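Engineer: here you go, sequence then predicted model.
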Amino acid sequence: MTDFREAVCAAVALVPRGRVATYRQIAWMVGFPRRPRQVGMVLKGLPEGTDLPWHRIVNARGYVPSRGRWWGAMVQIERLRAEGVEVDDAGNLDLSAFGWDGAEPCR
DNA sequence: AAGATGACCGAGA
DNA sequence: TTCTCGGCCATCT
């Protein structure tokens, strides 16, 4: 837990294409089940040219958050669609279908 | 140092 | 089922 950002980055990078993970999920993976908010902070601070699929991270409700960056959220939605995930303009998606269990390393 | 804020989550009404 | 309130913890002012 020396660098929380590194751990989050690694977890996000493990999310397969066409699949989404929740903040809670990522937080749990890195070993901090009580810090989903900090995960969001990390993603917020990510650079634009990052290789990380940060757009695959959604909240537990199954939709793309837009707390203070609704404009960027739209970009995230577009990227998810490019990944093959069905998302509407509101950012809603089906976690039952696209939610990553963590046991499906589909590349 | 103390208080407020935040890409959240879960439980209660 | 949807809406509201509280709780978590790190970072910012």
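Structural biologist: Great, that's in hand.
Engineer: what about A:R79, how many residues nearby?
Structural biologist: 15 (other C-beta atoms under 10 Å). Bear in mind the C-beta positions are built from the backbone N, C-alpha and C, glycine included.
Engineer: check A:Q25 too.
Structural biologist: A count of neighbours around A:Q25, defined by other C-beta under 10 Å, yields 22.
Engineer: contacting residues for it?
Structural biologist: A:W100, A:G102 (C-beta atoms under 8 Å, 6 or more residues apart in numbering).
Engineer: switch to 7 Å and redo it
Structural biologist: Contact analysis of A:Q25 by C-beta atoms under 7 Å, 6 or more residues apart in numbering lists A:G102.
Engineer: so it, which of the three states?
Structural biologist: What DSSP: H, G, I helix; E, B strand; the rest coil gives for A:Q25 is helix.
Engineer: where's it relative to A:G31, distance?
Structural biologist: Distance of A:Q25 to A:G31, computed by C-beta to C-beta, to the nearest Å: 13 Å.
Engineer: now swap in A:R5 and tell me
Structural biologist: Distance, A:R5 to A:G31, by C-beta to C-beta: 14 Å.
Engineer: how about A:V75?
Structural biologist: For A:V75, the distance to A:G31 - C-beta to C-beta - is 30 Å.
Engineer: tell me who's in contact with the residue nearest to A:V12 when sequence neighbours are not counted.
Structural biologist: Using C-beta to C-beta, 6 or more residues apart in numbering and skipping residues adjacent in sequence, the residue nearest A:V12 is A:L52, 5.0 Å away. A:L52 is in contact with A:C9, A:V12, A:A13, A:L46, counting by C-beta under 7 Å, 6+ apart.
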